[in-house]
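[1] Model the following, please.
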Amino acid sequence: MTNHEVELLAVGAGPANLALAVALEELGVDGLAENSLFIERGQTVEWQRGLLLPWTKSQVAFAKDLVTLRNPRSRFTFLNYLRSVGRLDDFINMGSFTPYRVEVSGYLRWVSESLRKVRLQLGCDCVSIEPQRNPAGALTGWLTRLGDGTTISSRYLVIGAGRDPYVPAEFAKLPADRVIHSTQYRQRVAALDKTKQHRVAVVGAAQSAAEMFRATQIDLPNSDVSWVMRSIGLRAYDTNKFTNELYYPSYIDKFFEARPEGRDQILREMHLTNYSGVESDLLQELYTSMYLDRLAGVDQRRLVPMTDIVGARTEGDEVVLELSDRKTGTVSELRRDLVLLGTGFVREMPRLVRGLSDAIGLDRIEVNRQYRLQLDEPSDAACYLQGVNEATHGIADSLLSVLGNRAGDIAQDILAHRAGRRTNGVHRPAERLAAVPMSADGAVPA
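    Below you'll find the model as predicted:
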């Protein structure tokens with residue numbers, strides 16, 4: 001079994017960790033970037049690969065890319081990407097702040113291929129992480145195990161692999177070939193026979209369910225599709241400019257310093273800005289499409305609102321869903337061939353993080369303002385969590401809005417931690433470093 005040693009290991013090559021890779025390259029201090037390794041389970045760098053459909057758009061402005069809000073002069077901006085591929089004029093002419101999802105994915109791939117110091121390795125499936133301790137029992141680093149048996153030792157660890165897909169208990173025991181979570185939609189549906197008259201159930205009432213419902217019209221055009229949801233109907237995201245100010249990177253400090261009661265209220269009232277809603281243009285498109293179906297007397301797609309799925313089983317080649325009408329209490333059956341889950345993600349910490357927490361012996365999983373895992377002991381090592389800290393850092397934490405600034409916070413904290421003094425062989429963190437000045441190309445002046 002091969003073991004590799006690096007100073008910093010980042011798990012996942014999504015937007016969060018790519019933003020960190022850019023920050024490390026631009027800081028350019030003491031060889032940290034050159035001794036950093038980023039690993040990604042996929043064979044390619046893609047964004048939201050399960051729903052990477054030609055017509056889907058980002059709900060976030062292009063300037064909230066990996067770096068612009070932290071360093072608008074960086075060579076890693078989205079606009080510089082467009083310029084490098086000869087599409088800047090076309091994008092400007094579109095007159096839209098929100099790019100298509102395939103453009104964002106192309107931008108991320110371009111960034112990953114443009115890194116000069118940080119190493120990125122694809123096809124690395126991280127299966128577990130455990131602490132490493134010296135003979136005295138002090139925590140000195142992390143041992144990451146990959147699916148091929150390889151291990152990687154690191155002093156610093158950044159986990160940015162995203163949350164685990166949520167599969168409700170009613171569907172967990174169904175055959176895997178009959179259930180498709182939105183994170184697998186594009187790959188799995190591509191393997192189906194488009195000419196067959198599939199009977200499909202879409203579950204959920206938010207953006208991912210809406211995108212799959214619309215996509216089936218193209219991907220499975222002869223199919224009969226029922227869209228089952230608990231809500232009374234579809235609702236648009238709340239995207240007014242006043243609530244959008246709570247997505248500013250500068251709002252993180254206010255949220256972090258708020259009382260628990262205040263945080264709860266903010267998260268509760270901001271829920272419809274990112275969850276349980278659908279982008280307004282897509283809502284209009286869906287309504288128009290279904291209106292035209294009714295006008296033509298076509299009844300292949302329907303909404304089934306105010307309905308609970310109280311059971312699911314297989315009978316022969318069919319999936320049988322037990323539906324409970326919330327208005328009347330009536331229970332009925334819906335027989336389908338395929339179930340598409342737009343049910344989002346598990347709200348608790350990802351399995352990988354929970355396993356690491358158990359191995360360390362932590363009573364709870366908490367991070368400080370700089371996203372560093374609270375270890376309850378002095379340590380030479382540090383671990384950072386990206387994209388899973390809504391409870392302490394606000395609703396923007398899982399989105400693109402704060403990527404660049406958060407990456408800068410983590411990079412600066414790592415540098416401060418490295419500069420800390422040791423007492424009896426154990427690390428004592430230094431105070432956070434002041435911001436490192438950068439030149440126009442993102443490098444640190446001599």
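
[2] Now do the helices in the chain.
    15-27, 78-84, 88-94, 101-114, 169-172, 185-189, 207-219, 241-244, 251-257, 260-269, 280-295, 351-360, 390-393, 403-418 (DSSP state H).

[3] could I get those helices as a markdown table with distance to residue 374?
    Every residue, glycine included, has its C-beta placed from N, CA and C. Shown next, in a markdown table, are those (distance: least, CB to CB, whole Å):
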| stretch | distance to residue 374 |
| --- | --- |
| helix 15-27 | 19 |
| helix 78-84 | 34 |
| helix 88-94 | 42 |
| helix 101-114 | 30 |
| helix 169-172 | 32 |
| helix 185-189 | 37 |
| helix 207-219 | 32 |
| helix 241-244 | 30 |
| helix 251-257 | 13 |
| helix 260-269 | 16 |
| helix 280-295 | 40 |
| helix 351-360 | 10 |
| helix 390-393 | 10 |
| helix 403-418 | 13 |
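
[4] center of this structure - which residue?
    Using CA atoms, centre = their mean, the residue of the chain that lies closest to the mean C-alpha position is residue 162, 4.7 Å off.

[5] Do me a favour and get the backbone dihedrals for that residue.
    phi 80, psi 170 (degrees, to the nearest 10).

[6] That one and residue 41, how far apart?
    Counting by CB to CB, to the nearest Å, the gap from residue 162 to residue 41 is 10 Å.

[7] tell me, what's touching those two both at once?
    Common neighbours of residue 162 and residue 41, using CB atoms under 8 Å, 6 or more residues apart in numbering, are residue 12.

[8] Now do residue 446, the pLDDT please.
    On the pLDDT scale, residue 446 is placed at 30.

[9] Just give the number of residues close to residue 105.
    For residue 105, the neighbour count with other CB atoms under 10 Å is 20.

[10] tell me the contacts of the closest residue to it other than its chain neighbours?
    Closest residue to residue 105 apart from its sequence neighbours, by CB to CB, 6 or more residues apart in numbering: residue 47 at 4.1 Å. Contacts for residue 47 (CB under 8 Å, 6+ apart) come out as 14-15, 101, 104-105, 108.

[11] Recalculate using a threshold of 6 Å.
    Shown in contact with residue 47 (CB atoms under 6 Å, 6 or more residues apart in numbering): 104-105, 108.

[12] got those residues as CSV, with pLDDT and distance to residue 361 columns?
    Below are the contacts of residue 47 laid out as CSV (pLDDT from 0 to 100; distance: CB to CB, whole Å):
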residue, pLDDT, distance to residue 361
104, 97, 39
105, 97, 39
108, 98, 36
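
[13] Closest one of the residues you listed to residue 19?
    Closest approach between the contacts of residue 47 and residue 19, by CB to CB: residue 108, at 9.8 Å.

[14] Please work out which of the helices of the chain is packed deepest.
    Greatest average neighbour count among the helices of the chain goes to helix 15-27 (a mean of 28), per mean count of other CB atoms under 10 Å.

[15] And it, how far out from the chain middle?
    Here helix 15-27 is found 16 Å from its chain centre; the criterion is CA atoms, centre = their mean, to the nearest Å.

[16] what sits up against that helix?
    By CB under 6 Å, 6+ apart, helix 15-27 touches 10, 33, 36, 38, 66-67, 76, 108, 111, 115, 117-118, 160, 386-387, 400, 403-404, 407-408, 410-411, 436, 442.

[17] And for stretch 87-97?
    Counting by CB under 6 Å, 6+ apart, 61, 82 sit against stretch 87-97.

[18] mind running it again at 10 Å?
    57-58, 60-64, 78-83, 99-100, 103, 106 (CB atoms under 10 Å, 6 or more residues apart in numbering).
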